[in-house]
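Student: model this:
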Amino acid sequence: MFSLPDAFPQKKSISYHDGNLSELLNSGFGLSGVSRQRIDQALRYEEEVAGQMTAIFTFSESLRQSFIFDYHVPADRVFNVGGGINLTEFPPANPHKNYTAPRILFIGIEFVRKGGPQLLDAFRIVREVLPAAELHIVGPAKIENSSAGVVFHGRLSKTDAGQKQKLESLFRECTLFVLPALYEPFGIAPLEAMLYQLPCLVTDAWALREAVTPGVNGDLVARGSIDSLSTKIIQLLSNPERLAAMGQQGRELVLRQYTWSAVAGRMSAAIADV
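Tutor: Predicted coordinates:
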């Protein structure tokens, strides 16, 4: 740990964040077994470092507000520049994508934090109404309490050609992406799903609510609500034409706002301002 302004006194010092300790504390994740004294020390340190920066870049507006109100950084030094999808090549659009098959895609290594158990419970309700529904799970090493219709793929790496091809096939063949996270500071997976014309159903919080507009490119669900989650999944999967329209609008949003070239442009403008 060192102070960037002290190390480079003639340079602008800027930090870039997808989350911070204050938001993590509010979510209830990641700090089991850590003493209150240690947490308070870390909060003070993070606030001190933030205050030393020429500017703070954030992945979301919700995080920008946290730096302003929780860490008391002046608003004119905190910039929401967003984040980009981690793809070097963008898949072409599929004008003939079929949304009639009720296939749900979930991606997340940290299954509990990403809302995986709640999704499994909601999916059992979904299957009672839509017996043909499938839930494809990618990311965790294992899952428990699986049920009929759940297809577990484990972790699929983008650096392995075969696994990458399998992941791309899931993006193309599924019709709805669901991430009912209990805490998700940003969320790259939903954005990549949108690039493949997948509408997204995500938690109504953090950066997720900034990327997904209900009725436009997906829908939002209350954190931890299994009943609401199952109801919205059924509603979305029951309307293929609506899914198609939202999938197209989601792709356009990502290409316009969530590429690294777009992020770099916003960073450049912010640096000029400070």
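Student: Quick one: residues contacting the spatially most central residue of the chain.
Tutor: Centroid-nearest residue in the chain, with C-alpha atoms, centre = their mean: Gly187, separated by 1.5 Å. With contacts defined as C-beta atoms under 8 Å, 6 or more residues apart in numbering, Gly187 is in contact with 179, 181, 202, 206-208, 211. Just so you know, the C-beta spots here come from the backbone N, C-alpha and C atoms, and that holds for glycine as well.
Student: ok, now with 6 Å
Tutor: Contacts for Gly187 were tallied using C-beta atoms under 6 Å, 6 or more residues apart in numbering; they are Leu208.
Student: ditto for Ser13
Tutor: So Ser13 contacts 4-5, 53-54 (C-beta under 6 Å, 6+ apart).
Student: most surrounded residue in those?
Tutor: Each of the contacts of Ser13 was scored for neighbours by other C-beta atoms under 10 Å, and Met53 scores highest at 21 neighbours.
Student: and stretch 114-131, what's its mean pLDDT?
Tutor: What stretch 114-131 shows for mean pLDDT is 98.
Student: Now Ser261: which helix or strand?
Tutor: helix 260-273 (DSSP states H and E).
Student: Show the residue spans covered by the strands in the protein.
Tutor: 14-17, 55-58, 78-80, 103-107, 134-138, 150-154, 176-179, 200-203, 218-221 (DSSP state E).
Student: Columns mean pLDDT and mean neighbour count on top of the ones you listed, output as a markdown table?
Tutor: Shown next, in a markdown table, are these (pLDDT from 0 to 100; neighbours: other C-beta atoms under 10 Å):
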| stretch | mean pLDDT | mean neighbour count |
| --- | --- | --- |
| strand 14-17 | 95 | 17 |
| strand 55-58 | 97 | 24 |
| strand 78-80 | 98 | 21 |
| strand 103-107 | 98 | 25 |
| strand 134-138 | 98 | 21 |
| strand 150-154 | 97 | 15 |
| strand 176-179 | 98 | 26 |
| strand 200-203 | 98 | 26 |
| strand 218-221 | 98 | 24 |
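Student: Take the ones you listed and write them to CSV, including distance to Gly116.
Tutor: Shown next, in CSV, are the strands of the chain (distance: least, C-beta to C-beta, whole Å):
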stretch, distance to Gly116
strand 14-17, 25
strand 55-58, 26
strand 78-80, 28
strand 103-107, 7
strand 134-138, 7
strand 150-154, 11
strand 176-179, 9
strand 200-203, 13
strand 218-221, 14
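Student: re earlier: distance of the residue nearest to the centre of the chain from Ser261?
Tutor: Using C-beta to C-beta, to the nearest Å, Gly187 is found at 20 Å from Ser261.
Student: tell me the domain boundaries of the chain?
Tutor: Using automatic domain parsing, the domain parsing of the chain gives 4-84+259-273, 103-256.
Student: for those domains, which one ends up most surrounded?
Tutor: Sort these by mean neighbour count, taking mean count of other C-beta atoms under 10 Å, and domain 103-256 sits at the top with a mean of 19.
Student: now that one, how far from the chain's geometric center?
Tutor: Taking C-alpha atoms, centre = their mean, to the nearest Å, one finds the center of domain 103-256 at 10 Å from the center of the full chain.
Student: Could you do stretch 102-116 as well?
Tutor: Distance, centroid of stretch 102-116 to centroid of chain: 11 Å (C-alpha atoms, centre = their mean).
Student: Provide the contact partners of it at residue level.
Tutor: Stretch 102-116 is contacted from outside by 29, 119, 130, 132-140, 170, 174-178, 180-183, 189, 237, using C-beta under 6 Å, 6+ apart.
Student: Start and end of that stretch, how far apart?
Tutor: End-to-end distance for stretch 102-116, by C-alpha to C-alpha, to the nearest Å: 18 Å.
Student: Do you know the pLDDT at Val274?
Tutor: Model confidence at Val274, given as pLDDT, is 87.
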